[in-house]
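[1] My questions are about this predicted structure, shown below with the sequence.
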Amino acid sequence: MAYWLFKTEPEVFGIDHLQRRPAQTEPWDGVRNYQARNFLRDEVALADKVFIYHSSCKRVGIAGVAEVVRAGYPDTSQFDPESAYFDPKASPQSPRWYRVDVKFVEKFDQVLSLQDIKAMPQISQTGVVKKGSRLSIMPVPETEWHALYVAATRRANGR
DNA sequence: GCCAACGTTGGC
DNA sequence: GCCAACGTTGGC
């Protein structure tokens, strides 16, 4: 099993939206970056765990956890001329963009802030701490996942 | 709203 | 295939 971090703008779709979805499940679509696409298509697997990261908002950081319930398959929004994610160069015969389905697992009582994450000496690989990292789908090394998870739940317990 | 960093586009 | 111009991301 692998671990990931997915960025999202909580005003558009955040951990609360995911929790309220039917079956608490949602297709993670609209990713239009090749490096992120490659992860979704080739590497993100069933049962992988995902940190939901809130960006471009007041409380930037990791808000909770989701689980992959369907591995990569074509993002149908690329075929829909009505969609903001429409891509005229894509076709069902040769899809360009992929998505996975994720299911809500838990929401942390408090967001583990980017500031706190950057202050953790054991976090160096997870892209979010790197300057200029704009990837919206990024791998999290297992050891860093566990450290982040402990930090997030410790905060949630009020210490 | 600013601006640095990055990805993409397109002329050549 | 280079690279300048442009658009977007995202923390602050």
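    That came through fine.
[2] how about the nearest residue to A:Ser55, chain neighbours excluded?
    A:Lys7 (4.8 Å; CB to CB, 6 or more residues apart in numbering). The C-beta positions use only the backbone N, C-alpha and C, and glycine is treated the same way.
[3] which strand is the longest one in chain A?
    strand A:98-113 (DSSP state E).
[4] give me the number of residues near the residue nearest to A:Ser55?
    Residues lying near A:Lys7 (other CB atoms under 10 Å) number 21.
[5] repeat for A:Ala63
    24.
[6] buried ones in the helix or strand hosting it?
    Using DSSP states H and E, A:Ala63 maps to strand A:61-74. Judged by neighbour count using 16 or more other CB atoms under 10 Å, the buried positions of strand A:61-74 are A:Gly61, A:Ile62, A:Ala63, A:Gly64, A:Val65, A:Ala66, A:Glu67, A:Val68, A:Val69, A:Ala71, A:Gly72, A:Pro74.
[7] elements contacting that strand?
    On a contact count with 3 or more CB pairs under 8 Å, 6 or more residues apart in numbering; DSSP states H and E, strand A:61-74 meets strand A:3-8, helix A:15-20, strand A:49-54, strand A:98-113, helix A:114-118, helix A:142-156.
[8] and if we set it to 10 Å?
    Judged by 3 or more CB pairs under 10 Å, 6 or more residues apart in numbering; DSSP states H and E, strand A:61-74 is in contact with strand A:3-8, helix A:15-20, strand A:25-28, strand A:49-54, strand A:98-113, helix A:114-118, helix A:142-156.
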